[in-house]
Structures are given as C-alpha cells and as structure tokens.
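> With the input below, show me the fold.
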Amino acid sequence: AQFFIPVEGNFLMPCTEYPPCPRCHEKLSTCPANCEGCAAPCNSCGAQRMSLYDVPSDRLKVPDVCMSDFDRVLQHSSSSVAPEELDRFVDWTREFGQEG
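Prediction:
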C-alpha cells in the first residue's frame, strides 16, 4: 500500500513523499488489522493509504513525469549487463547484420 493524495477535484494521485505530511498515519506493525487510522484519510493533507488496485480507475490521475524523475532514478540504478557482453552483440551485428 502507498499514499494517494486528492488532486484536481475528485482524482487521486500517488504521493511522491512518504508520509505525505507529518500528520499522516503510518502503518505500523503494532496497528491492529482493522486500524481506523490506516483506513481514514489524513485530516491535514487528505492523503489516503491504499493499494493501487483499490483506487477506482475513474479516480486515478497519472502523475506528470519530467526529466528530473529520470535523473533521480538513474542516480540509484546500475547496469545489469556487463560492457563486455554488449561488445559481443555489437561484434555479432557487425558480422551478421541486424536481421541475422
């Protein structure tokens, strides 16, 4: 589950901060299964804690994506393929062509 904040009328959008505000109720291991604080919207910012699948599709607003989002992801990612392995594919393409 994550926090969704109300935006532009009746839409909900995933929140990029966790928790969205200092007053939001965080789900703790000590919370009972039917914890009212976990299910209720925050009294301060209106954020709701729920699963993406629990958000009605007509209320879900896709967040805007900008270049800084990609920059932030690239700072914390690493290559899953070694450069030597990529060189093998370049050599193969040079020898046999793109269509093989």
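> Do a quick rundown of the strands in the chain.
2-7, 11-14, 48-50 (DSSP state E).
> Nearest to Gln98, out of the ones you listed?
strand 11-14 (38.7 Å; C-beta to C-beta). Glycine gets a C-beta too; all of them are placed from N, C-alpha and C.
> average pLDDT for stretch 13-27?
Stretch 13-27 comes out with an average pLDDT of 75.
> what ranges of the chain fall below the confidence cut-off?
1, 19-20, 28-30, 100 (pLDDT under 70).
> Neighbours of the closest residue to Pro6 other than its chain neighbours, how many?
Counting by C-beta to C-beta, 6 or more residues apart in numbering, Pro6 lies nearest to Gly46, which is 4.7 Å off, once chain neighbours are set aside. As a burial measure, Gly46 scores 15 neighbours (other C-beta atoms under 10 Å).
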